[in-house]
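A.B. asks: structure for the following, please:
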Amino acid sequence: GVAFTATKEGLKEQYTGKTLIIVHGTFSSSKNSLDEYAATRQGQQFLSDALKAYQGQVLVFDHPTLSVSPFLNALDLARSLQGSTGSIDVIAHSRGGVLVRWWLEVLGDGLKAAEVRAVLVGSPLKGTSLAAPNRVHPLLNVLSNIGSFVSKTLGGAAAANPFTLASFALLKFIVRREKN
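C.D. replies: Numbering: from 1, shown residues only. Below is the predicted model:
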């Protein structure tokens, strides 16, 4: 198959002309996104056509998806593209669309000289139903059951690992809240 690789070589302070930015979603990375495109003939064709149409200015924005707020990711993206001119097209998926929206609506002042178009696919712009009250309660029940089981079966062994100890403390807190 054809390989497309994300690299930091050739990055510019500012981009002019036509630029395409691909922003991945939750639990993904730039490498995974490129691998997904490269896995099909149509995806390979899309990337090849994009590299030609954008004269090589196809960027993939890599960002942590769980450990950092989408707003902070958007701030990094804004800093990376501040002062760019020309036409910027964005394709964003899932949480990537949330950070792109933050970037364009709140932090986009550095792009006044650019025309930006964005396609946000499967982006939970109004939140996610996974955090809805009717779904959180069953999740807390499952977590509290797991926490009770693990703390009873591993008890003292957890003290050897600070991460595990902190996880147990959190689960014990959840169990207590569930019981009250």
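A.B. asks: ok, residue 72 to residue 115 distance?
C.D. replies: From residue 72 across to residue 115, the span is 26 Å (CB to CB, to the nearest Å). No exception for glycine: its C-beta is placed from N, CA and C like everyone else's.
A.B. asks: neighbour count winner among these two?
C.D. replies: residue 72 (14 against 11; other CB atoms under 10 Å).
A.B. asks: which SS state does that one fall under?
C.D. replies: The three-state label given to residue 72 by DSSP: H, G, I helix; E, B strand; the rest coil is helix.
A.B. asks: separation between it and residue 29?
C.D. replies: According to CB to CB, residue 72 stands 17 Å off from residue 29.
A.B. asks: one more: residue 62?
C.D. replies: Distance from residue 62 to residue 29, by CB to CB: 6 Å.
A.B. asks: do the same with residue 5
C.D. replies: Distance, residue 5 to residue 29, by CB to CB: 13 Å.
A.B. asks: give me the more crowded residue out of the two.
C.D. replies: More crowded of residue 5 and residue 29, by other CB under 10 Å: residue 29, with 15 against 11.
A.B. asks: what's near enough to touch that one?
C.D. replies: Residue 29 makes contact with residue 62 under the criterion CB atoms under 8 Å, 6 or more residues apart in numbering.
A.B. asks: phi and psi next, for it.
C.D. replies: Here is the backbone geometry of residue 29 (degrees, to the nearest 10): phi -160, psi 170.
A.B. asks: let the chain start at 579 from now.
C.D. replies: With the count now opening at 579, the last piece we talked about shows up as residue 607.
A.B. asks: confidence score at it?
C.D. replies: Note on residue 607: pLDDT of 93.
A.B. asks: check residue 741 too.
C.D. replies: pLDDT recorded at residue 741 is 54.
A.B. asks: you'd agree residue 682 is up against residue 694?
C.D. replies: Yes: counting by CB atoms under 8 Å, residue 682 does reach residue 694; the two are 6.2 Å apart.
A.B. asks: could you say which helix or strand holds residue 695?
C.D. replies: Per DSSP states H and E, residue 695 falls inside strand 692-699.
A.B. asks: show me where this protein has its strands.
C.D. replies: According to DSSP state E, the chain carries its strands in the segments 596-601, 636-639, 664-671, 692-699.
A.B. asks: quick one, which of those is nearest to residue 613?
C.D. replies: Of all the strands of the chain, strand 636-639 sits nearest to residue 613, with 11.1 Å by CB to CB.
A.B. asks: re earlier: now the common contact residues for residue 640 and residue 607.
C.D. replies: With CB under 8 Å, 6+ apart as the test, residue 640 and residue 607 reach no residue in common.
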